[in-house]
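K.L.:
structural data only, the sequence is not supplied:
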């Protein structure tokens, strides 16, 4: 495992070269997917070997599951949904099971999915009783005339469309319960209102290009730990945290949501490609490493375009991330290299 | 009143010339504001003279109130909030009092406001017990670290910040009560699920440029009549229904929200200005009259840029709209001319 990890880490410096290759040679168009599992204080030394291994194994499992769908001719929406589903079901990430706790010590989940072919999209926020918010977002996209549903209304739509109702405690983990207790204790001692900056930007996301040249993007999150007042971040805001358009790219963000909303990050990257002719990677660099960083807006983005060029830009210490393409390239990383 | 209305109607064909004038001559920079009160089936013959007069008077009152703030050196955020507040308090428009009813026969309101100088923004959705959603959105922008709050959480934030709690019935009007009864009756007779296209896109919005060159945009709405499942439209989605950026324009949309979300309309117009060098009016035309119309996405947009160039594009029969600028130009319109 360690050796494999070293080999794939080395690939990280080769992304531009690798992207260029995608446009040449092969008769069959390259397809594949990129994932993230959140950005933030993910620095060398934070995780022990066992924890690193756990993340790497789960990221690879998510990649493999989505890739298998694409390889057998499945579409990019199926691949995105299934890949995110794998991460939602892992307590390692702040999405689905393992989603961080609100100030009321509940878990409230947000998700969005978008199809680059026809710009159809589905988004949900404040979900407490449906296991897979990404699947609910897809149902909103496909089985309703709406894009965005929130709270109990969104759940009601889900139940009417066959989703199982689960108790909110389904999402709890030992770690998230401990975390909210610790934060509340700190808050009490500080006598502050806890209008604090978040120190963790957990989210999971996937962008995919299928054999038919169609792009899709999806993102799922538990939001900000200790969140209050029905706060919604960038994830379900189409154009901010999630966006896909066959003529530009599929993008999924993770970070301090408020900055991603104000800067309409995913759509801004798309616009730099469409209207200014920037490459996907240059556009992502411009927004994440310049615009956002100038405002101290922390986070990252993953993207893929119709030629299987990819990007994985982040201005934090690290970002759980990976990609798997039909040209044989496979990469998983956590830290800045 | 009639004569005045005719004179101001004639101005409608002069907008491009008028915009050009703003950049020349005067030492003092032009300031002013543009408003809308919704787009849709607003065609000649739909309203009688008395109804037309009522709309014109209220639109002019809204314009005057916002203009007075700008004229005495107030900032664009104050002007936008106050102008929208005037329209929220009128039962003529689908916002605040007069907001259309949900499937549960309640009123659930959404609003957003954004400051072009620093990209700060506030948005709320699903508000049932606070009179002015636009003021609540502003409070979210200014008194919280968040951008977007929904439902009871957003209201709790409002109450903690001094907003009065009102019963949901405060928002009811004879007309909206009648409308929901009629729609539900039709629905029963059709035995359909009412997954219908909306035939009315009511919203109110305002964009303003102040004496200091700062832009602001705001939008407020009751959403889609007979809406279900906690549906949220484009209004509180920053980049879709509302966006402001001093380097491009302040924009507020009204229309079939789902299309405005998928197309990230306000930010797309801004991007065409920023990255492709289009004028505000050309950019708005490109998105509303081409991109959206190609998808049969119905609605309109108002905008103003730092040089007091304005736009009021719509692809519906009509749009309640108006502008008032410090160069003396004042216009109010309802129908396509």
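P.N.:
Looks like it came in fine. In this text, all values refer to a predicted model and were calculated from it rather than measured experimentally.

K.L.:
point out where the stretch 151-300 of chain A drops to low pLDDT.
P.N.:
Applying pLDDT under 70 to the stretch 151-300 of chain A flags the ranges A:191-201.

K.L.:
near chain B, which residues of the stretch 51-200 of chain A show up?
P.N.:
With CB under 8 Å from any CB of the partner chain as the criterion, the stretch 51-200 of chain A comes near chain B at residues A:114, A:119-121, A:125-126, A:144-154, A:156-157, A:195-197. For every residue, glycine as well, the C-beta is placed using N, CA and C.

K.L.:
how about 6 Å then?
P.N.:
Remark: the part of the stretch 51-200 of chain A in contact with chain B comprises A:119, A:121, A:145-151, A:153-154, A:156-157, A:195, using CB under 6 Å from any CB of the partner chain.

K.L.:
what's the farthest-apart pair in those residues?
P.N.:
Using CB to CB, these reach their maximum pairwise distance at A:145 and A:195, which is 37.6 Å.

K.L.:
who has more neighbours out of those two?
P.N.:
The residue with the greater number of neighbours, taking residue A:145 and residue A:195 and applying other CB atoms under 10 Å in any protein chain shown, is residue A:145; the counts read 14 against 10.

K.L.:
what does the model give the more buried one for pLDDT?
P.N.:
What the model reports for residue A:145 is a pLDDT of 94.

K.L.:
where do the helices of the stretch 151-300 of chain A begin and end?
P.N.:
Assignment of helices within the stretch 151-300 of chain A using DSSP state H, counting those that start in this stretch yields the ranges A:151-160, A:174-190, A:257-262, A:265-276, A:280-285, A:293-294.

K.L.:
now those as a markdown table including mean neighbour count?
P.N.:
Rendered in a markdown table, the data for the helices of the stretch 151-300 of chain A read as follows (neighbours: other CB atoms under 10 Å in any protein chain shown):
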| stretch | mean neighbour count |
| --- | --- |
| helix A:151-160 | 20 |
| helix A:174-190 | 13 |
| helix A:257-262 | 27 |
| helix A:265-276 | 26 |
| helix A:280-285 | 23 |
| helix A:293-294 | 10 |
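
K.L.:
could you dump those to TSV with distance to residue B:60?
P.N.:
Formatted as TSV, the entries for the helices of the stretch 151-300 of chain A read as follows, by distance: least, CB to CB, whole Å:
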stretch	distance to residue B:60
helix A:151-160	37
helix A:174-190	50
helix A:257-262	33
helix A:265-276	35
helix A:280-285	44
helix A:293-294	42
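
K.L.:
kindly report the residues of the stretch 201-337 of chain A close to chain B.
P.N.:
Neighbours of chain B within the stretch 201-337 of chain A, by CB under 6 Å from any CB: A:229-232, A:237-239, A:258, A:261-262, A:264, A:267, A:271, A:275-276.

K.L.:
rerun that using 8 Å as the cut-off
P.N.:
Selection of the stretch 201-337 of chain A residues close to chain B by CB under 8 Å from any CB yields A:228-233, A:237-240, A:243, A:257-258, A:261-264, A:267-268, A:271-272, A:274-276, A:295.

K.L.:
of the residues of the stretch 51-200 of chain A next to chain B, closest to chain B?
P.N.:
Each of these was scored against chain B by CB to the nearest CB, and residue A:153 proved nearest at 2.4 Å.

K.L.:
please, where are all the helices along the stretch 1-150 of chain A?
P.N.:
Along the stretch 1-150 of chain A, the segments classed as helices by DSSP H, counting those that start in this stretch run A:2-10, A:15-21, A:49-71, A:76-88, A:133-143.

K.L.:
just say which of those is most tucked in.
P.N.:
Per residue and on average, the most neighbours among the helices of the stretch 1-150 of chain A fall to helix A:76-88, with a mean of 27 (mean count of other CB atoms under 10 Å in any protein chain shown).

K.L.:
where in the stretch 1-150 of chain A is pLDDT low?
P.N.:
Applying pLDDT under 70 to the stretch 1-150 of chain A flags residues A:1-27.

K.L.:
middle-most residue in chain A, spatially?
P.N.:
With distances taken as CA atoms, centre = their mean, residue A:205 lies nearest the centre of chain A, 2.0 Å away.

K.L.:
in the stretch 201-337 of chain A, what residue lies closest to chain B?
P.N.:
Of all residues in the stretch 201-337 of chain A, residue A:230 sits closest to chain B, at 2.4 Å by CB to the nearest CB.

K.L.:
gap between residue A:181 and residue A:174?
P.N.:
Distance, residue A:181 to residue A:174, by CB to CB, to the nearest Å: 11 Å.

K.L.:
in the stretch 201-337 of chain A, which spans are strands?
P.N.:
Chain-ordered strands for the stretch 201-337 of chain A, with DSSP state E, counting those that start in this stretch as the definition, fall at A:204-209, A:215-221, A:231-232, A:242-244, A:250-255, A:299-304, A:310-314, A:318-325, A:330-335.

K.L.:
how about those strands, which one is nearest residue B:64?
P.N.:
Each of those was scored for nearness to residue B:64 using CB to CB, and the closest is strand A:231-232 (35.2 Å).

K.L.:
who are the packing partners of that closest one?
P.N.:
Strand A:231-232 is packed against strand B:148-150, with contacts defined by 3 or more CB pairs under 8 Å, 6 or more residues apart in numbering or on different chains; DSSP states H and E.

K.L.:
verify the contact between residue A:90 and residue A:98 for me.
P.N.:
Yes. With the criterion set as CB atoms under 8 Å, residue A:90 and residue A:98 qualify as a contacting pair; they are 6.6 Å apart.

K.L.:
before we move on, the earlier item: so what's the residue of the stretch 201-337 of chain A closest to chain B closest to, chain neighbours aside?
P.N.:
Distances taken as CB to CB, 6 or more residues apart in numbering or on different chains place residue B:153 nearest to residue A:230, at 2.4 Å, with adjacent residues excluded.

K.L.:
got a list of what the one you found touches?
P.N.:
A:228-231 (CB atoms under 8 Å, 6 or more residues apart in numbering or on different chains).

K.L.:
could you do residue A:146 as well?
P.N.:
Remark: with contacts taken as CB under 8 Å, 6+ apart, residue A:146 is in contact with A:140, B:229, B:231, B:258.
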